[in-house]
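Asker: sequence below, structure please.
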Amino acid sequence: MPIFGELFISELLKKPILDFKGDTLGNLKDIIIVRGEPLPVLKSLIVSRKKKGFSVPWETMTIFNKRIMASTLNADGLVPYEPSDEDLLAVRDILDKQIVDATGAKVVRVNDIKLEGFEGKAVLVAVDVGMRGILRRLGIERQGNEFFKLFRIELPHNLISWTYIQPLEPKLKTIALTVPRQMVTNLHPADIAEIISSVSREEGTSLFTDLDLKTAAETLSELDPDVQASIITEMEPEKASDIIEEMPPDEAADILGDLPTEKMKALLERIDKEDAEDIQELLEHEENTAGGLMTNEFIAYEPDIKVSEAMERFKKDAAEIETIYYIYIIDDQERLLGVLSLRELLLADPDKTLSGIMVTNLKTLSPEDDENVAAAAISKYNLAAIPVVDKENVLLGIVTMDDIIDRILPPKAKRKRKKV
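Answerer: Numbers count the residues shown, from 1 in each chain. Sure thing, here's the model as predicted:
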């Protein structure tokens, strides 16, 4: 069946569909869509006639464009349409729904739907998410475009190809119309978090649940505390614990600290013992202190090993650590002796020991120091990270520049950790 030029569903709605004699069968109310290859296919048209709905199969259409729609049926051949949850309707289920724009990493609204002809069928090729779609539905696209031209503004065609939208299901919810999972995974975790925060809690949870383990862990840390707690609380305990275990211990502690005590303890019991101990250590500190900010993931070596050995060990150890700026030198009691930057390690004589090249004039924090003290120290001494030690100078963890930035730009809601 011919479709002439660009055709949007807003240009067809409420217009008459004619029979073979030229009489009106009814006015177009909606269209039923089914899966097709490569694009969704128009199965039939729903017309309104005498306040009742009737179905006009696509196979009966002889003309289909924005000026004329005609069918081989007559009024006696119309079959009443019985609404069904199994049907996917363009107007009811797609128009005005929200989708994810993968290129812009944001949630947008479907303002119109574009159709084209393909091998004798009408297929859905794109959705319009821009101003043109709104103006077109109001019937003033041309006038609106002319108006904006007065100000030398060219209205863009904001179309998202249907190939980036899936799946096709009846009564689509906001996030059900979304880019394929692999495309979501390729977005930056901060962008995924923004998308999740833009939709309802139920839909955000649904999108989050579909993420792979690594992406889920990275995305979770970017969400606001109340959203984090809600998602983890509603999730199956086994999967929730797997995600928590994938996260750096300081970020995991932040999230677990917002959960009800019983839920927190239940998840800790499912996590690897060593990881759980790291998290529990961090949970003992108040959030607004150096101890609350720090991570206990760092690399520390003995003072008597050679640079060459340290570099070999570093290649293996670094894979398990999220952020590395320095190598810390500790004794057998884990007391801090010195520090090396990665640059100093790489440029050092391979045969020298770490004690021979380490810096011993150290700037440190105590775990009780206020977060503002930590921020001031990192800024004053131009450090990428600063160690946190106890009264015996035992290295407990490090506060990184990233930790400080996360706290102050922008400020996240303050947490009150529950101690285990």
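Asker: from Leu268, how far off is Leu336?
Answerer: 28 Å (CB to CB, to the nearest Å). Bear in mind the C-beta positions are built from the backbone N, C-alpha and C, glycine included.
Asker: wait, I meant Ala126
Answerer: 48 Å.
Asker: cool, Gly120 as well?
Answerer: 61 Å.
Asker: these two: which is more packed in?
Answerer: Leu268 (20 against 9; other CB atoms under 10 Å).
Asker: mind checking the SS state of the residue minimising distance to the centre of the chain?
Answerer: Centroid-nearest residue in the chain: Ile192, 1.5 Å away (criterion: CA atoms, centre = their mean). Following DSSP: H, G, I helix; E, B strand; the rest coil, the label given to Ile192 is helix.
Asker: hang on, it packs against Asp210?
Answerer: No - counting by CB atoms under 8 Å, Asp210 is not a contact partner of Ile192; they are 10.6 Å apart.
Asker: quick one: least confident helix or strand in the chain?
Answerer: Lowest on mean pLDDT, DSSP states H and E among the helices and strands of the chain sits helix 181-186, with a mean of 63.
Asker: count of residues packed around the closest residue to Val34 other than its chain neighbours?
Answerer: Setting aside the residues directly before and after it, Val34 is nearest to Lys43 in space (CB to CB, 6 or more residues apart in numbering), at 4.7 Å. Residues lying near Lys43 (other CB under 10 Å) number 19.
Asker: tell me which element Lys43 falls in.
Answerer: Here Lys43, judged by DSSP states H and E, is contained in strand 41-49.
Asker: in that strand, which residues are buried?
Answerer: Val41, Leu42, Lys43, Ser44, Leu45, Ile46, Val47, Arg49 (16 or more other CB atoms under 10 Å).
Asker: what's the answer for stretch 395-408, then?
Answerer: For stretch 395-408, by 16+ other CB under 10 Å, it's Leu395, Leu396, Gly397, Ile398, Val399, Thr400, Met401, Asp403, Ile404, Asp406, Arg407.
Asker: which SS state does the third one fall under?
Answerer: I take that to be Gly397. Gly397 ends up strand, using three-state DSSP.
Asker: if I pick it, what's in contact with it?
Answerer: Gly397 makes contact with Asp250, Leu282, Gly291, Met294, Thr295, Asn296, Glu297, Phe298, Pro387, Val388 under the criterion CB atoms under 8 Å, 6 or more residues apart in numbering.
Asker: so who does the last one touch?
Answerer: Residues in contact with Val388, defined by CB under 8 Å, 6+ apart, are 290-291, 294, 364-367, 369, 395-399.
Asker: again, only using 6 Å
Answerer: Contact analysis of Val388 by CB atoms under 6 Å, 6 or more residues apart in numbering lists Ala290, Met294, Leu365, Pro367, Leu396, Gly397.
Asker: name the element Ile63 belongs to?
Answerer: strand 61-64.
Asker: distance check, Glu251 against Ile32.
Answerer: 47 Å.
Asker: if we can go back for a sec, could you export the buried residues of stretch 395-408 as CSV, including pLDDT and distance to Arg142?
Answerer: What follows is the buried residues of stretch 395-408, written out as CSV (pLDDT from 0 to 100; distance: CB to CB, whole Å):
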residue, pLDDT, distance to Arg142
Leu395, 97, 70
Leu396, 96, 68
Gly397, 94, 64
Ile398, 96, 62
Val399, 94, 60
Thr400, 93, 56
Met401, 91, 54
Asp403, 84, 55
Ile404, 86, 54
Asp406, 74, 49
Arg407, 70, 52
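Asker: which of the residues you listed sits closest to Ser197?
Answerer: Closest approach between these and Ser197, by CB to CB: Asp406, at 16.2 Å.
Asker: re earlier: make JSON lines out of the contacts of Val388 and add distance to Thr60.
Answerer: Shown next, in JSON lines, are the contacts of Val388 (distance: CB to CB, whole Å):
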{"residue": "Ala290", "distance to Thr60": "74"}
{"residue": "Met294", "distance to Thr60": "71"}
{"residue": "Leu365", "distance to Thr60": "77"}
{"residue": "Pro367", "distance to Thr60": "77"}
{"residue": "Leu396", "distance to Thr60": "76"}
{"residue": "Gly397", "distance to Thr60": "72"}
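Asker: closest one to Leu342 out of those, please.
Answerer: Gly397 (18.6 Å).
Asker: ok, the residue nearest to that closest one when sequence neighbours are not counted - contacts?
Answerer: Distances taken as CB to CB, 6+ apart place Met294 nearest to Gly397, at 3.5 Å, with adjacent residues excluded. Residues near Met294 by CB under 6 Å, 6+ apart: Val388, Gly397, Ile398, Val399.
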